[in-house]
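Student: sequence-free structure coming up:
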């Protein structure tokens, strides 16, 4: 025992002198003795006595290597060693830490189970394992570290950790594991992209040198899941293999690989790949309900979708793909088309999904940016022979105002999209009918525009006589396709309209009907169109009239839409179709005809033509 303040012990003489002085005066000897004893103890405490006691309890942290270079046999040896330490633990403390590239603290119940030790990573970071173990050593115990490993470090620097342990006076014991034997294979190079889009298929290329020929296996693992596997044939000398992989994660992801062969061992690699979602700009005016299937496809393909009703953002470089769905691209400003063309030229993707809102201009300038950009001619193919179109326009007094204005503009739009070889007629009616434009060649658009612009509303509504007159005149015309479109906003007596429809079918003349507003006889107009093999339309938003007329005329003059189930066939096997079971796909419900450009590549086709 030692005293930190020995001079305080002089106080004991004072206590003894006081006790002797008071002893003769008092009769309460026991009480005086107790007080003297307490005073003596206080003096001793002020002197701070210190006694050194040697403790033999050890605080041990065992580090168990569970990296990929430790075979199953060594993992069992480590587990057995942990069991023996537990059995001999006694009053000492023991913690078990499994490590590979990172560390994992095993709970006591885990450490007692041999199955708890499993391969947990490709990397071996001895430095990180030792540093973490030093932090886990208990206070007040004799510190000690035990490292079980094959010593095949491929991350960090164990020298730095040893230097720190030496400064702290912490001894490190080791248990040497055999590890995997030196492979006869040699991995000379691994190439894979550092940045990949989520869901994108990419290739990992490996150069392997083998001393002899034989079978081998390549396995690729990411996020503890296999993402690629291939059975290969090794040749003597240098071999180059490519394995395709695909990841659905986002962010930095470790990709591990293993190339193995019987009796030749295995070689490993570990790489980091950064994944991000591809950004897609969706241009559409369809409601979410109408386009729900398209949106589901984009979501399943892991696209980060931005949406616009037609206005391009300031910076298209933020996107990888621009998808245009069912929009009138012909009406877009030239600057918008030019920006899209530049976007594609710089490597962006462009996808056009056609629909009922598409309007096809017959005469487009050769320098139109979309025409130059697309792999197909956006103008649907027409028959080389002429077609004949008759528009029957209701000019009754109920058409006054915006209805008549849009009817005139729609008729002009149809005329402008006809070719000089085509024929057109404009029949107007109220209580009677008259030809605003008798059937003639559409070779003078300016004249036809003036005649159509002079149509003014007046009178009542008598449809049947006008329909019969249009049929009588158009059936005399020599043309491959002959089509009549009836436009009205009122209700009329049926007359012999159904007979006219049946006669039209017999003469290969089709009739479509367009009802404007709600005050129309829907049943009557639908029956005429059905009998005459045409279509019926009912429009509440009159601004869509021109689109409806153009689409109907083009469809019924052998030009654009085919609306019936059609199977899809593979015209040419290419990478984009890999793993896509086209033969099992359901049929399309229709398509629009296009003419592919000479430099384009056709990979799918419908119909034999």
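Tutor: Great, that's in hand. Just so it is clear, the structure is predicted and the values come from calculations on it, not from any experiment.
Student: burial measure for the residue nearest to residue 7 when sequence neighbours are not counted, as a count.
Tutor: Once flanking residues are discounted, residue 7 sits nearest to residue 47: 7.9 Å by Cβ to Cβ, 6 or more residues apart in numbering. C-betas here are computed from N, CA, C, even on glycine. For residue 47, the tally of surrounding residues (other Cβ atoms under 10 Å) stands at 17.
Student: one more: the one 4 residues further on?
Tutor: The local packing of residue 51 (other Cβ under 10 Å) involves 6 other residues.
Student: heads up, I number from 800, so please use that
Tutor: From this message on, residue numbering opens at 800, which makes the last subject residue 850.
Student: how close does it sit to residue 844?
Tutor: 14 Å (Cβ to Cβ, to the nearest Å).
Student: what does the pLDDT read for the residue nearest to the spatial centre of the chain?
Tutor: Closest to where the C-alpha atoms of the chain average out (Cα atoms, centre = their mean) is residue 1101, at 1.5 Å. At residue 1101, the model reports a pLDDT of 85.
Student: residues contacting it?
Tutor: 996-998, 1047, 1076-1077 (Cβ atoms under 8 Å, 6 or more residues apart in numbering).
Student: show me which of these is closest to residue 862.
Tutor: Nearest to residue 862 out of these is residue 1047 (Cβ to Cβ; 34.4 Å).
Student: what distance do you get for that closest one to residue 1373?
Tutor: 23 Å.
Student: check residue 806 too.
Tutor: 98 Å.
Student: now swap in residue 970 and tell me
Tutor: To residue 1373, residue 970 is 65 Å away according to Cβ to Cβ.
Student: what is the least confident helix or strand in this structure?
Tutor: Using mean pLDDT, DSSP states H and E, helix 907-910 stands out as the lowest-scoring helix or strand of the chain, at a mean of 57.
Student: which is the next helix or strand following it?
Tutor: helix 925-935 (DSSP states H and E).
Student: okay, buried residues for that following helix please.
Tutor: Residues of helix 925-935 classed as buried: 925-933 (neighbour count, 16 or more other Cβ atoms under 10 Å).
Student: which one among those gets closest to residue 1262?
Tutor: Nearest to residue 1262 among these, with distances taken as Cβ to Cβ, is residue 927, at 87.4 Å.
Student: wait, the closest one sits on residue 955?
Tutor: Yes: if you go by Cβ atoms under 8 Å, residue 927 and residue 955 touch, sitting 5.5 Å apart.
Student: contact partners of stretch 987-999?
Tutor: By Cβ under 8 Å, 6+ apart, stretch 987-999 touches 1001-1008, 1037, 1045-1049, 1054, 1056, 1068, 1070-1077, 1100-1101, 1119.
Student: show me where pLDDT drops low in the chain?
Tutor: Within the chain, the segments meeting pLDDT under 70 span 800, 851-854, 906-915, 921, 1155-1163, 1177-1183, 1357-1362, 1407-1408.
Student: pull the longest helix from it.
Tutor: For the chain, the helix that runs over the most residues, judged by DSSP state H, is helix 828-845.
Student: endpoints of stretch 932-943, how far apart?
Tutor: End-to-end distance for stretch 932-943, by Cα to Cα, to the nearest Å: 10 Å.
Student: and it, how far out from the chain middle?
Tutor: How far stretch 932-943 lies from its chain's middle: 49 Å, per Cα atoms, centre = their mean, to the nearest Å.
Student: what ranges do the strands span in the stretch 1300-1408 of the chain?
Tutor: Using DSSP state E, counting those that start in this stretch, the strands assigned to the stretch 1300-1408 of the chain run over residues 1308-1315, 1335-1338, 1360-1361, 1367-1369, 1390-1391, 1394-1395, 1403-1405.
Student: kindly reformat the ones you listed as TSV containing mean neighbour count and distance to residue 1326.
Tutor: Shown next, in TSV, are the strands of the stretch 1300-1408 of the chain (neighbours: other Cβ atoms under 10 Å; distance: least, Cβ to Cβ, whole Å):
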stretch	mean neighbour count	distance to residue 1326
strand 1308-1315	26	9
strand 1335-1338	19	9
strand 1360-1361	16	23
strand 1367-1369	14	35
strand 1390-1391	16	28
strand 1394-1395	12	37
strand 1403-1405	14	32
